[in-house]
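Chemist: here is my input, please return the structure:
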Amino acid sequence: MKRSRAARGVATLLSWGGSCTGVLLFVALWEWGSQAYGSFLLPGPRDALAALAQLVRQGEAATAVWATTWRAMSGFALAALAGIALGLLAGLSRTLGRALEPVSTVLLGIPPIAWIVLAILWFGSGSAATIYTVMATTLPVAFAGAQMGALTRDRRLQEMADAFRVPPLMRLVDFHLPHIVSYVFPALITALGVAWKVAVMAELFAAEEGIGAGLAVARVNLDTAAAMAWIVLVVVLLIVAEHGLLRPLQRRMEPWRQAGRRAG
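Modeler: You can find the predicted model right below:
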């Protein structure tokens, strides 16, 4: 038991060490780019952090973070619920799958900027346009993950469940759900990243508050340091949302995967 805990501790330290190394390398490249091209074109990490600290002191950061987080997560949640439900139905029914796949492909091929223009025309400037844009761009990603998970179910498990007359609820929870989840969560993580980027892009054109609106003000004022500060804030929020929400939920939903890693 002690050896197992020690091994897990070493693995955790190595994982954190690798992540920290990647971050430090990125910061070093960032600083080099600032020195090479000048602080006006590319402010260094210290300039961006100083600008971010100023935004926090002025209270702009907290207001923008709340607005962007609410819009991004609302659109993401709606897209995840609808996309997973439709994807499961499309994976379980070949007829429905053939009908929905072209629609998903069309939605996936429409660029986010086109959705933003349509959302502004339909809903006007504000939160509704941003939420709709996020939902429209992330729904096909969730749909594809759920559909693939349902399509690639193990037929042998299905035959075994039929032979032993396993109840439908037990089939779903014990046989199908673990396999489907292994496809859904990577798709949701990808969709979450898209949701943040699209939310900020939509706010740039269709909102008066939020991180995107802050970027628009920095663009007008030619304040590159403030623009980099907003970008840093977006990245931090995305990391917090992924590792503070989706990753823990994935570990809870996939205990067998964590057991396999510990055994390895």
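Chemist: and the pLDDT at Gly9?
Modeler: Looking at Gly9, its pLDDT stands at 51.
Chemist: could you pull out the helices for the stretch 51-200 of the chain?
Modeler: In the stretch 51-200 of the chain, the segments counted as helices under DSSP state H, counting those that start in this stretch are 60-92, 94-109, 112-123, 127-151, 155-163, 168-170, 177-206.
Chemist: highest average neighbour count across those?
Modeler: helix 127-151 (a mean of 25; mean count of other C-beta atoms under 10 Å). The way it works is simple: take the backbone N, C-alpha and C, and place the C-beta from them, glycine included.
Chemist: what's that one packed up against?
Modeler: Applying 3 or more C-beta pairs under 8 Å, 6 or more residues apart in numbering; DSSP states H and E, we find helix 127-151 packed against helix 60-92, helix 94-109, helix 112-123, helix 177-206.
Chemist: any low-confidence regions in the stretch 151-264 of the chain?
Modeler: 157-158, 161-162, 164, 168-169, 171-174, 250, 252-264 (pLDDT under 70).
Chemist: would a markdown table of the helices and strands packed on helix 127-151 with distance to Met135 be doable?
Modeler: What follows is those, written out as a markdown table (distance: least, C-beta to C-beta, whole Å):
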| stretch | distance to Met135 |
| --- | --- |
| helix 60-92 | 4 |
| helix 94-109 | 10 |
| helix 112-123 | 9 |
| helix 177-206 | 9 |
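Chemist: model confidence for Leu81, exactly?
Modeler: pLDDT at Leu81 comes out at 95.
Chemist: cool, and Leu86?
Modeler: Note on Leu86: pLDDT of 92.
Chemist: quick one on the thing from earlier: need the helices of the stretch 51-200 of the chain in a markdown table with distance to Asp223, can you?
Modeler: Formatted as a markdown table, these follow (distance: least, C-beta to C-beta, whole Å):
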| stretch | distance to Asp223 |
| --- | --- |
| helix 60-92 | 12 |
| helix 94-109 | 35 |
| helix 112-123 | 23 |
| helix 127-151 | 23 |
| helix 155-163 | 58 |
| helix 168-170 | 57 |
| helix 177-206 | 15 |
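Chemist: give the contact list for Ser35.
Modeler: No, residue 35 isn't Ser; it's Gln. Contacts for Gln35 (C-beta atoms under 8 Å, 6 or more residues apart in numbering) come out as Gly44.
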